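# Turn this into a model:
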Amino acid sequence: MNPEAATERAPVTREAVVDAALALLADGGLEAVSFRRIAARLGVSGPTLYWHVDNKRQLMDLMAEELFRRAGVDHAAPAPGQPWWEWLREDARAMFAALVGTRDAPRVLAGNRPGRESLARIERSLGVLVEAGLTPGGAQHVLFAIGSYVIGSATEWQAEAERSRTTPLPGADDEDANARRAEVLADQPVLLAAITEVLGQPHETTFEFGLDLIIEGLRARYAPDA
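This is a model prediction of the structure:
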């Protein structure tokens, strides 16, 4: 290594480590993210990274927070005049879009524990729901429930997208596939009708259907007159 190049290189920071990890994630998925590869990308030795990140789980926590920061996802509170249930819906949609837009991002977020810098934001979010009539514990359950639903939906969406690259589903207007399906499912007419109906809908329909159940259920319980 050129000594002058080493002298001129910018010092490694936690932000640089996270940025390199996210670049590796986008290129090759979670399996491609390793301290060895991050160190190689930054041009430093592996042990240097441990000055900034304790282990891979902490790194994934930091990656999750940075993913949302870049996507503009803000869980803090509703916009002025925005009902709390529409705030929850809008945030869930933004979170879903952020996750499906990056390879293996749902796996990064699963099991995520927020850092100290996120605690004030979480406090504000919980406060909004407590003002709506939930207990603090109930408010926490709401955030967990929505987060788990979004992560699970994004995981399923990415798995199906990966499978469709080699085994795509037939289109709703594929007459040959429709005829074969009708023959195979001749004794299961309800299942046939369900598949036919879903094939004609956008991929986001299932996510929106489940999200609507959660949000409208919360609204019916805590804001029935709104």
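
# alpha carbons only for contacts and neighbour counts from here, please
OK.

# Could you verify my assumption that Pro170 touches Ala177?
Yes - here Pro170 reaches Ala177: they are 6.6 Å apart, a contact under C-alpha atoms under 8 Å.

# Phi first, then psi, for the residue most central in space within the chain.
Residue closest to the average C-alpha location in the chain (C-alpha atoms, centre = their mean): Leu99, at 3.2 Å. Leu99 has phi and psi values of phi -70, psi -50 when expressed as degrees, to the nearest 10.

# which ones are touching Ala132?
Trp84, Tyr222, Ala223 (C-alpha atoms under 8 Å, 6 or more residues apart in numbering).

# in the protein, which spans are helices?
3-8, 14-28, 35-42, 46-49, 56-71, 84-100, 105-109, 119-131, 136-166, 175-184, 189-199, 205-222 (DSSP state H).

# Quick one: low-confidence residue ranges for the protein.
1-10, 74-75 (pLDDT under 70).

# quick revisit: winner for burial among the helices of the chain?
helix 105-109 (a mean of 23; mean count of other C-alpha atoms under 10 Å).

# Can you tell me what sits against that helix?
Contacting residues not belonging to helix 105-109 are listed as Leu25, Leu30, Met60, Asp61, Met63, Ala64, Leu99, Val100, Ile151, Gly152, Ala154, Thr155 [C-alpha under 8 Å, 6+ apart].

# related to what we said a few turns ago, would you turn the helices of the chain into CSV with distance to Ala77?
Formatted as CSV, those follow (distance: least, C-alpha to C-alpha, whole Å):
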stretch, distance to Ala77
helix 3-8, 43
helix 14-28, 26
helix 35-42, 35
helix 46-49, 35
helix 56-71, 15
helix 84-100, 7
helix 105-109, 21
helix 119-131, 5
helix 136-166, 12
helix 175-184, 47
helix 189-199, 34
helix 205-222, 16
